[in-house]
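Enquirer: got a predicted model here, sequence first, then my questions.
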Amino acid sequence: MKAVLLAGGLGTRISEESHLRPKPMIEIGGRPILWHIMKMYAAHGVNDFIICLGYRGYVIKEYFANYFLHMSDVTFDMANNRMEVHHRHAEPWRVTLVDTGESTMTGGRLRRVQEYLEPGQPFCFTYGDGVADLDMTAQFAFHRAHGRQATVTAVQPPGRYGALVREGDTVAGFEEKPRGDGGWINGGFFVLQPEVIDHIDADSTPWEASPMERLARIGELVAFEHTGFWQPMDTLREKNLLEELWQTGQAPWKCW
């Protein structure tokens, strides 16, 4: 199975970091969050990635062009113009980097990589800025069992603030950041059939708008419920939260 990762947006809500690099290249624990997402997929047997580039896409190209050097011990023999790689630690990934345009919307980016997908074969699709302790193997099985064109991961986002536990006017205690109002939202991890691309009209089409609405309307969209950890990285506060979890050894998404 292949995984298509969106990595071309501007990341304006975390401009403190993204003014120099694409948001998926912002680091958690010294590695880009894009790397963390790929490691999550690889832990479930997905090692073939298609990455949709846009804003500062060359940064991602240069990262993977030098990936072997990042992950291995190297000797440079200047006198003989030779490089020797020791103790290779690079993952067995196949990574296809596709320039999908700076202003292209999420659906348009998926449409632009259609030629790299296998006809009739399901593939994963996600954003390059969120992590979860999602059981992807179970999600893949769920998708196949339902036989629909699209599976979306449904999550209940955590509340941002703690809540008061009240008994009348008396405060009986505190609840630390309870979940929201009980509603389920799009968690951003999809399993799709290639024919969903027929529902994407143009570069200007957001995947989350008319394509998903059409799939829902014709009964081709099912929801895989995930009640565990889920965290996007939209703001500097959320980036710092993920960094703290990683540094304290409590990163729930680390399944490798």
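Expert: That came in fine, so what should we check first?
Enquirer: got a pLDDT number for L20?
Expert: We have a pLDDT of 79 for L20.
Enquirer: and it, its phi and psi?
Expert: phi -110, psi -20 (degrees, to the nearest 10).
Enquirer: identify the spatial nearest neighbour of it, chain neighbours not counted.
Expert: R56 (7.9 Å; CB to CB, 6 or more residues apart in numbering). No exception for glycine: its C-beta is placed from N, CA and C like everyone else's.
Enquirer: residue contacts, the one you found?
Expert: For R56, the contact set (CB atoms under 8 Å, 6 or more residues apart in numbering) comprises 20-22.
Enquirer: now E243
Expert: By CB under 8 Å, 6+ apart, E243 lies in contact with 28-29.
Enquirer: what residues of the helix or strand harbouring it count as buried?
Expert: Element membership of E243, judged by DSSP states H and E, is helix 236-247. By 16 or more other CB atoms under 10 Å, the buried positions in helix 236-247 come out as 238-239, 242-243, 245-246.
Enquirer: right, and the helix or strand after the helix or strand containing V152?
Expert: In this structure, V152 sits in strand 150-155 according to DSSP H and E. Once the chain leaves strand 150-155, the next helix or strand it forms, by DSSP H and E, is strand 163-167.
Enquirer: show me what that next one is packed up against.
Expert: The helices and strands touching strand 163-167, judged by 3 or more CB pairs under 8 Å, 6 or more residues apart in numbering; DSSP states H and E, are strand 170-175.
Enquirer: C-terminal to the strand it packs on, what's the next element?
Expert: Per DSSP H and E, the first helix or strand lying C-terminal to strand 170-175 is strand 185-192.
Enquirer: what residues sit buried inside that next one?
Expert: 187-192.
Enquirer: tilt between that strand and strand 150-155?
Expert: 150 degrees (axes from the mean of the first three to the mean of the last three CA atoms, to 10 degrees).
Enquirer: which strands and helices lie in contact with strand 185-192?
Expert: Using 3+ CB pairs under 8 Å, 6+ apart: strand 185-192 touches strand 123-127, strand 130-132, helix 136-146, strand 150-155, strand 221-226.
Enquirer: low-confidence ranges in this structure?
Expert: The chain contains residues with pLDDT under 70 at 16, 18, 87-88, 160-161, 176-182.
Enquirer: over to stretch 125-133 now: how far is its first residue from its last?
Expert: Taking CA to CA, to the nearest Å, stretch 125-133 runs 16 Å from one end to the other.
Enquirer: list the buried residues in that stretch.
Expert: Those would be 125-132, for stretch 125-133 by 16+ other CB under 10 Å.
Enquirer: just curious, which of those residues is nearest to L97?
Expert: L97 lies nearest to G128 out of the buried residues of stretch 125-133, by CB to CB, at 12.2 Å.
Enquirer: so who does the closest one touch?
Expert: By CB under 8 Å, 6+ apart, the residues touching G128 are 5-7, 22-24, 33-34, 37, 51.
Enquirer: so of those residues, which ones are in helices?
Expert: If you go by DSSP state H, these have 33-34, 37 in helices.
Enquirer: surely R109 meets G8?
Expert: Yes. Using CB atoms under 8 Å, R109 is in contact with G8, at 6.0 Å.
Enquirer: residues shared between the contacts of those two?
Expert: Once CB under 8 Å, 6+ apart is applied, the residues that R109 and G8 both contact turn out to be 52, 54, 100-101.
Enquirer: so R13: helix, strand or coil?
Expert: helix (DSSP: H, G, I helix; E, B strand; the rest coil).
Enquirer: thank you, goodbye.
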